[in-house]
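>>> Could you look at this predicted model? Sequence included:
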Amino acid sequence: MEQSVILVDSRGRRIGTEQKLKAHSNGGIWHRAISIFAFNDKGETLLQRRAFIKYHTPGKWSNTCCSHPAPGEKAISAAHRRLMEEMGFSCKLKNAFMFKYEADVGKGLTEKEYDYIFFGRFNGEPKPNSDEVSEYKWMGLQELTSDINKNPDSYTPWLRLMIGEVSKKYMQLKDEI
């Protein structure tokens with residue numbers, strides 16, 4: 001059964017639901033999303049390389065975890081659920097900021113997302129789901145930003161769009177996560 005996403009208006013208010021693939025087709029429809037950035041005590045963020053079997057942006061490096069809340073599911077609950085399903089660990093999460101973006105993700109698909117961005121602290125060893133993640137690595141935000149600028153096609157469009165705001169918010173919130 002295909003997953004449904006929560007459709008939203010320009011202020012992020014729920015206006016309905018739609019099948020995930022349909023919400024990304026034909027120019028996309030605005031919907032809720034979640035993005036998680038796990039940081040270690042060194043201030044590095046955990047990146048995942050999307051599995052090569054993913055329906056869009058396969059093999060691209062991205063933030064620790066990203067997905068969509070299911071209809072009736074709170075964003076924080078979806079974040080915890082997907083972090084465990086994708087990366088095999090749990091940690092305390094802080095809602096850091098909201099990020100609205102639109103991005104072409106290839107194969108005729110468009111992301112139009114009202115994205116809840118969560119920060120967490122994790123110093124362990126992830127156990128990624130191979131259906132979701134092909135590999136992972138830790139990287140400092142300055143190094144990541146530099147590499148995104150040098151090799152943009154190696155990264156997901158949403159990570160390229162949000163990295164500046166993530167870096168700024170991390171500096172403000174790092175002692176709270």
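Perfect, I can see it now. Because the structure is predicted, anything quoted here is derived from the model rather than measured.

>>> Mind jotting down where the helices sit in this structure?
20-24, 75-87, 141-150, 157-173 (DSSP state H).

>>> can you redo these as JSON lines with distance to S130, mean pLDDT and mean neighbour count?
(C-beta placed from N, C-alpha, C; glycine too.) Output for those, formatted as JSON lines (distance: least, Cβ to Cβ, whole Å; pLDDT from 0 to 100; neighbours: other Cβ atoms under 10 Å):
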{"stretch": "helix 20-24", "distance to S130": "21", "mean pLDDT": "95", "mean neighbour count": "18"}
{"stretch": "helix 75-87", "distance to S130": "10", "mean pLDDT": "98", "mean neighbour count": "19"}
{"stretch": "helix 141-150", "distance to S130": "23", "mean pLDDT": "98", "mean neighbour count": "14"}
{"stretch": "helix 157-173", "distance to S130": "21", "mean pLDDT": "98", "mean neighbour count": "17"}
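
>>> Give me the below-cutoff pLDDT ranges for the chain.
Scanning the chain for pLDDT under 70 picks out 1.

>>> that older thread, between the helices of the chain, which one is closest to I53.
Among the helices of the chain, the nearest to I53 by Cβ to Cβ is helix 75-87 (13.6 Å).

>>> Before I go, just wanted to say thanks for your time.
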